[in-house]
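Student: sharing a model that was predicted from the sequence below.
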Amino acid sequence: MPFYAHTQPKRLLSRHLFKVGEHAFKLASQIRGVNADAAYYAGLMHDFGKLNPHYQNPFSEDKEPCPKCDYIQAHAPLSALACDQSSTALDKPSKLLAMLCVHGHHSSLKHPSELYIY
């Protein structure tokens, strides 16, 4: 089963994640003092929660739209959790920064104290 990042146009999730990661790395590499590896990692993980099968429902032709399923389809917290749990190469401050960027990318996160990780 293919996983998609966007509906219009349909974009494969894997391709989208790698492109954003590469772009984030290039941008961060141009700024002194910024951990470009952390930027790459944040870009790579920013939509990882879209692997959630409920998020993928709108891409399937045989699934009915679910207007009340926003909470099931939310991918920012899942992406942040995956970011936190999967990185062993980043130091703690870089990992926290990447996780905050990932969670805040598609949510209303305004302050790190609002981040809730199970």
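Tutor: Here it is on my side, so go on.

Student: so how far is the longest helix that the chain contains from its chain's centroid?
Tutor: Secondary structure of the chain per DSSP state H: the longest helix is helix 13-29. Centroid separation for helix 13-29 versus its chain: 11 Å, with C-alpha atoms, centre = their mean, to the nearest Å.

Student: then stretch 90-100?
Tutor: With C-alpha atoms, centre = their mean, you get 14 Å for stretch 90-100.

Student: which residues sit against that stretch?
Tutor: Under the criterion C-beta atoms under 8 Å, 6 or more residues apart in numbering, residues 35, 37-39, 41-42, 45, 80, 83-84, 87, 109, 112, 115, 117 lie in contact with stretch 90-100. (C-beta placed from N, C-alpha, C; glycine too.)

Student: equivalent analysis for stretch 103-116, please.
Tutor: Under the contact criterion C-beta under 8 Å, 6+ apart, stretch 103-116 has outside partners His46, Asp47, Ala74, His75, Ala76, Pro77, Ser79, Ala80, Leu96, Met99, Leu100.

Student: restricted to strands, list the residues you listed.
Tutor: With strands taken from DSSP state E, there is no overlap with those.

Student: top of these by neighbour count?
Tutor: When neighbours are taken as other C-beta atoms under 10 Å, the top entry among the contacts of stretch 103-116 is Ala80 (29 neighbours).

Student: so where's this protein uncertain?
Tutor: Scanning the chain for pLDDT under 70 picks out 61-73, 112, 114-118.

Student: okay, which residue is most central for the protein?
Tutor: His46 (1.8 Å; C-alpha atoms, centre = their mean).

Student: was I right to think that residue contacts Cys101?
Tutor: Yes. Contact criterion C-beta atoms under 8 Å: His46 and Cys101 qualify, at 7.4 Å.

Student: what is in contact with these two at once?
Tutor: With C-beta under 8 Å, 6+ apart, His46 and Cys101 have no common neighbours.

Student: would you confirm that Ala5 belongs to a strand?
Tutor: Yes. Applying DSSP: H, G, I helix; E, B strand; the rest coil, one finds Ala5 inside a strand.

Student: so it sits right up against Arg11, yeah?
Tutor: Yes. Assessed by C-beta under 8 Å, Ala5 is found in contact with Arg11 at 4.7 Å.
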